[in-house]
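>>> using only what follows, build the 3D model:
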Amino acid sequence: MFFDLQQKDQLSKARTGVIHTEHGAIQTPIFMPVGTAGTVKAVHKRELKEDIQAQIILGNTYHLYLRPGLDTIQQAGGLHKFNTWDGPILTDSGGYQVYSLSGTRNIKEEGVTFKSHIDGSKHLFTPEGVMDIQRKIGADIIMAFDECTPYPCDYAYASKSLNMTHRWLKRCVDRFDETSSLYGYKQVLFPIVQGSTFKDLRIKSAETIASFGREGNAIGGLSVGEPAEEMYAMTEVVCDILPADKPRYLMGVGTPWNILECIALGVDMFDCVMPTRNARNGMLFTAEGIINIRNEKWKNDFSPIDASLTCYASSNYSKSFLRHLMHAKEILGAQIASIHNLSFYLWLVGEARIQIQAGTFTPWKNKMVSQMQQRL
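Prediction:
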């Protein structure tokens, strides 16, 4: 894998580039739909490719390890063969899921013991073990095993956790470098910057992560409850340190306006469950603002969900019909809303790329950030 940095914005730190992988090229900035269990909820592969125009999707190590299990994925020939997605895949290491299982896990230097949310069985994730698991899953980009600290978090805990994450990273790198891909194509490992919302810890972590010289770098531990201003401040600090010739991935972010603000700070890659999760609850994102499709005002609105998008779901179904499906609890409602939101997110990062190339990104971004937060 390599990153071709193409163009920089003159009024911000936004940039465009192309990440080249053996499963295809990824134009940045990019949003990656989340396929936790190996599939993006309620969305077919054909829709991901043709309507949403996704270039890369995510899988989750914790969930795939528990179900369907590594034996099944290996026998299929890796996750690409198992889910029939022939484009690039990124897998999260499971660190965030360990963070979210605070009542049923125990963190030690060796690794993390936790109980399965499925059947209560006990498991151990170590840095070495997580590298082996992700080798077996077979994603193009795999993540180092880290601890995601909660917010708020006191300085002493954040510092102790950060140092352990760095020790774990060394173990991840050693294990990764002494093993090989199982499926005949190259995999790359991204380290993860931590440090909560403490500037000195974020600087220390970014410098440490950069020193490993991997093909890309990630920023974790944000969008976990901190104010947006703190998220932006930490992102800016880290992006100023991480090497410019490697892609920067901000994990778990976020709203459409979060994404545009962080593109302006130098981030290239994003993921979040928000577009699909909120879609299933009736929240639609558009360039004009936010729609709660369950509201009475849409009952007799027979205009398209969003005629400005080219995807079939957005331009061919009416707001009235989608509202009816949501209230009737028809599965098609969740599907249409999910396709729409993902299409909008991919349109947004694609348009950001166009605006950067045209030299008009900053005024466009400022207008869009204000506009998209309106409640329609």
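
>>> which residues in the stretch 51-200 of the chain form helices?
Listed in chain order, the helices of the stretch 51-200 of the chain (DSSP state H, counting those that start in this stretch) span 61-66, 70-76, 79-83, 95-100, 127-137, 155-177, 199-211.

>>> export the ones you listed as JSON lines, with columns for mean neighbour count and mean pLDDT.
No exception for glycine: its C-beta is placed from N, CA and C like everyone else's. Putting the helices of the stretch 51-200 of the chain into JSON lines (neighbours: other C-beta atoms under 10 Å; pLDDT from 0 to 100) gives the following:
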{"stretch": "helix 61-66", "mean neighbour count": "22", "mean pLDDT": "96"}
{"stretch": "helix 70-76", "mean neighbour count": "14", "mean pLDDT": "98"}
{"stretch": "helix 79-83", "mean neighbour count": "20", "mean pLDDT": "98"}
{"stretch": "helix 95-100", "mean neighbour count": "21", "mean pLDDT": "72"}
{"stretch": "helix 127-137", "mean neighbour count": "22", "mean pLDDT": "98"}
{"stretch": "helix 155-177", "mean neighbour count": "18", "mean pLDDT": "97"}
{"stretch": "helix 199-211", "mean neighbour count": "19", "mean pLDDT": "98"}
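
>>> quick one: which of those helices is nearest residue 301?
helix 79-83 (36.1 Å; C-beta to C-beta).

>>> show me what the closest one is packed up against.
Other helices and strands packing on helix 79-83, by 3 or more C-beta pairs under 8 Å, 6 or more residues apart in numbering; DSSP states H and E, are helix 70-76, strand 89-92.

>>> among the helices of the stretch 51-200 of the chain, which is nearest residue 280?
helix 61-66 (17.5 Å).

>>> show me the contact partners of the closest one.
36-38, 70, 73, 79, 91-94, 97-98, 116-118, 123, 125, 130, 133-134, 137, 143 (C-beta atoms under 8 Å, 6 or more residues apart in numbering).

>>> average pLDDT for stretch 229-243?
Mean pLDDT, computed over stretch 229-243, is 98.

>>> what are the buried residues along that stretch?
231-239, 241-242 (16 or more other C-beta atoms under 10 Å).

>>> give me the subset of those residues lying in helices.
231-239 (DSSP state H).

>>> circling back: need the helices of the stretch 51-200 of the chain in a markdown table with distance to residue 287, can you?
Output for those, formatted as a markdown table (distance: least, C-beta to C-beta, whole Å):
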| stretch | distance to residue 287 |
| --- | --- |
| helix 61-66 | 33 |
| helix 70-76 | 38 |
| helix 79-83 | 31 |
| helix 95-100 | 30 |
| helix 127-137 | 36 |
| helix 155-177 | 38 |
| helix 199-211 | 32 |
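
>>> surely residue 189 meets residue 172?
Yes. Between residue 189 and residue 172 there is a contact at 6.7 Å, judged by C-beta atoms under 8 Å.

>>> shared neighbours, the two?
When C-beta under 8 Å, 6+ apart defines a contact, the residues bordering residue 189 and residue 172 alike are 131, 144.

>>> using the three-state scheme, assign residue 342.
The assignment at residue 342 comes out as helix when based on DSSP: H, G, I helix; E, B strand; the rest coil.

>>> mind listing what it touches?
Residues in contact with residue 342 (C-beta under 8 Å, 6+ apart) are 33, 40, 43, 48, 52, 54, 275-276.

>>> so how far is residue 79 from it?
19 Å (C-beta to C-beta, to the nearest Å).

>>> repeat for residue 161
Between residue 161 and residue 79 the computed distance is 29 Å (C-beta to C-beta).

>>> any weak-confidence spans in the stretch 1-150 of the chain?
Counting by pLDDT under 70, the stretch 1-150 of the chain has low-confidence residues at 99.

>>> strands of that one, start to end?
2-8, 15-21, 24-28, 30-32, 57-60, 89-92, 105-107, 112-115, 122-125, 141-143 (DSSP state E, counting those that start in this stretch).
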